[in-house]
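Novice: Sequence first, predicted coordinates after that:
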Amino acid sequence: MNGTSSLKNISKSFPTEWALPWWEALLLIGGGVTAVVLHRAYDLSLGMPGHHGIEWMALMIIGRASSRFRGAGSLTSIGASFASTLPFLQGENPFTWLFYLLPGPVMDIAYRYLPRYANKLWFMMVLGGLAHATKPVGQLTMNLITGWPFGSFRYGVAFPFVSHFFFGMIGGLIGALIVLGIHRMSPKSEK
């Protein structure tokens, strides 16, 4: 009645809302753009599919866990997806934008439907792995639909899923440690 947006708590530590300040939107989009820039700047072929999941999922978890906005993960993914279409940041295939877009909704859905685990270290680790594993799902789907070859499947179908999940979990761990560390260091609000 007073004109402010209603706030819904998904957990005591992470309340969510639909309102989003412009500066927070820029930070979330900037997190996605940063992931693409880091990917292109340090595009080292380690022969391990998914190794960029470390920085990508760390940034995704930091953005998603730090924001009250329900679509924080999706907004970060949209930023990365858009950045990957820019001529100087384009990837090696025409579907890169799609693979950057997939993890965000996975994170948002997990935070929406599993709120009691939102501030647990293990949850953010597993979520980082699952969200990053959307890339081989998307690659396999696009391969079956279009026939486009993806190098990550040269050692079979299972290997990319395992390696993306593993590197995504490492990124989720790093992001979770940063978020939870900052949360612990911040002064407690008085009740």
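Specialist: Received the coordinates, thanks. Just so we're clear, the structure is a prediction, and the values are computed from it rather than from any experiment.
Novice: From Gly129, how far off is Gln90?
Specialist: Here the distance between Gln90 and Gly129 works out to 27 Å (Cβ to Cβ, to the nearest Å). No exception for glycine: its C-beta is placed from N, CA and C like everyone else's.
Novice: Which of the two has more residues huddled nearby?
Specialist: Gly129 (23 against 15; other Cβ atoms under 10 Å).
Novice: Now do the helices in the chain.
Specialist: According to DSSP state H, the chain carries its helices in the segments 22-41, 53-66, 72-83, 96-101, 103-113, 121-132, 134-146, 158-185.
Novice: List the contacts of Phe166.
Specialist: Gly50, Gly129 (Cβ atoms under 8 Å, 6 or more residues apart in numbering).
Novice: what's the pLDDT at it?
Specialist: Reading off the confidence values, Phe166 has pLDDT 96.
Novice: One more: Arg112?
Specialist: pLDDT, Arg112: 95.
Novice: Roughly how far does it sit from Trp56?
Specialist: From Arg112 across to Trp56, the span is 21 Å (Cβ to Cβ).
Novice: just Leu26 next, same as before
Specialist: 19 Å.
Novice: Could you do Leu20 as well?
Specialist: Look at Leu20 and Trp56: by Cβ to Cβ, they are 22 Å apart.
Novice: what do you get for Ala19?
Specialist: In this structure, Ala19 and Trp56 are 27 Å apart, going by Cβ to Cβ.
Novice: neighbour count winner among those two?
Specialist: Neighbour totals were compared for Ala19 and Trp56, and Trp56 leads with 31 against 12 (other Cβ under 10 Å).
Novice: Test my guess that the more buried one contacts Thr134.
Specialist: No: here Trp56 does not reach Thr134: they are 11.2 Å apart, not a contact under Cβ atoms under 8 Å.
Novice: The closest residue to Phe95 other than its chain neighbours - how many residues pack around it?
Specialist: By the measure of Cβ to Cβ, 6 or more residues apart in numbering, the closest residue to Phe95 outside its immediate chain neighbours is Met142, 5.1 Å from it. Other residues lying near Met142 total 17 when counted by other Cβ under 10 Å.
Novice: pLDDT at Met142, what is it?
Specialist: As predicted, Met142 sits at a pLDDT of 89.
Novice: how near is it to Ala35?
Specialist: According to Cβ to Cβ, Met142 and Ala35 sit 20 Å apart.
Novice: do you know which of the helices of the chain lies nearest Ser152?
Specialist: Of all those, it is helix 158-185 that lies closest to Ser152, at 4.2 Å by Cβ to Cβ.
Novice: gap between the closest one and the chain center?
Specialist: Centroid displacement of helix 158-185 relative to its chain, using Cα atoms, centre = their mean, to the nearest Å, is 10 Å.
Novice: what comes up buried for it?
Specialist: Buried residues in helix 158-185, counting neighbours by 16 or more other Cβ atoms under 10 Å, are found at 159-161, 163-176, 178-180.
Novice: What about the residue lying closest to Gly175 once chain neighbours are set aside, how many residues nearby?
Specialist: Using Cβ to Cβ, 6+ apart and skipping the chain neighbours, the partner closest in space to Gly175 is Ile61 (2.9 Å). For Ile61, the tally of surrounding residues (other Cβ under 10 Å) stands at 30.
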